[in-house]
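Colleague: model the following, please.
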Amino acid sequence: MKFFCIADEDTVRGFRLAGVDGTAVGTPAEAADALRRAAGRPDLGIVIITDAVAGDIRTEVDALRMGQGTPLIVEVPGPEGPMPGRKTLREFVQEAVGIRIGQEEGA
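Modeller: Numbering: from 1, shown residues only. Predicted coordinates for the structure are as follows:
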């Protein structure tokens, strides 16, 4: 199972340093096309997409999540941080595990 990243150029570059291939996108049309191509690849198990890019193509992301079992779509914050009103990764982990991890942001 392989990972694949669809995001802005900086995020894709960072994931490439970790050995994850990806496609940098700059428009919703490019993002939708990249997601369609990724969904058609049987070797991909997880697609990592920034929340900003996913927000630009929310209909396509939700349709893929509801229509296919794989790839799993994982939304992560981009370089500018989580979108307003969204939980941080730390908050997701704390909620899932039930314990507080490290210091709170801004503390």
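
Colleague: three-state assignment of the residue nearest the centre of the chain?
Modeller: The residue lying closest to the centre of the chain (CA atoms, centre = their mean) is residue 49, at 2.4 Å. Following DSSP: H, G, I helix; E, B strand; the rest coil, we place residue 49 in the strand state.

Colleague: from what I see, residue 79 and residue 12 are in contact.
Modeller: No. Taking CB atoms under 8 Å as the definition, residue 79 is not a contact partner of residue 12, at 11.0 Å. Quick note: C-beta positions are derived from backbone N, CA and C, even for glycine.

Colleague: that older thread, so who does the residue nearest to the centre of the chain touch?
Modeller: Neighbouring residues of residue 49 by CB atoms under 8 Å, 6 or more residues apart in numbering: 5-7, 31, 35, 61, 73-76.

Colleague: which one of those is nearest residue 22?
Modeller: Nearest to residue 22, judged by CB to CB, of these is residue 5 at 3.2 Å.

Colleague: so what's that closest one closest to, chain neighbours aside?
Modeller: Residue nearest to residue 5 in three dimensions, not counting chain neighbours: residue 22, with 3.2 Å by CB to CB, 6 or more residues apart in numbering.

Colleague: for the one you found, grab the count of nearby residues.
Modeller: Neighbour count of residue 22, defined by other CB atoms under 10 Å: 22.

Colleague: partners of the one helix or strand it maps to in the sheet?
Modeller: According to DSSP states H and E, residue 22 maps onto strand 21-24. Taking DSSP bridges as the criterion, strand 21-24 sits next to strand 2-7 (parallel) in its sheet.

Colleague: so after the strand it pairs with, what's the next helix or strand?
Modeller: helix 9-17.

Colleague: could you say what helices and strands the top helix by length along the chain packs with?
Modeller: The longest helix of the chain (DSSP state H) is helix 28-39. Using 3 or more CB pairs under 8 Å, 6 or more residues apart in numbering; DSSP states H and E, the elements in contact with helix 28-39 are strand 2-7, strand 21-24, strand 44-50, helix 51-56, helix 58-67.

Colleague: adding mean pLDDT and distance to residue 85, write those out as CSV.
Modeller: Output for the helices and strands packed on helix 28-39, formatted as CSV (pLDDT from 0 to 100; distance: least, CB to CB, whole Å):
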stretch, mean pLDDT, distance to residue 85
strand 2-7, 96, 20
strand 21-24, 97, 26
strand 44-50, 94, 16
helix 51-56, 93, 10
helix 58-67, 92, 14
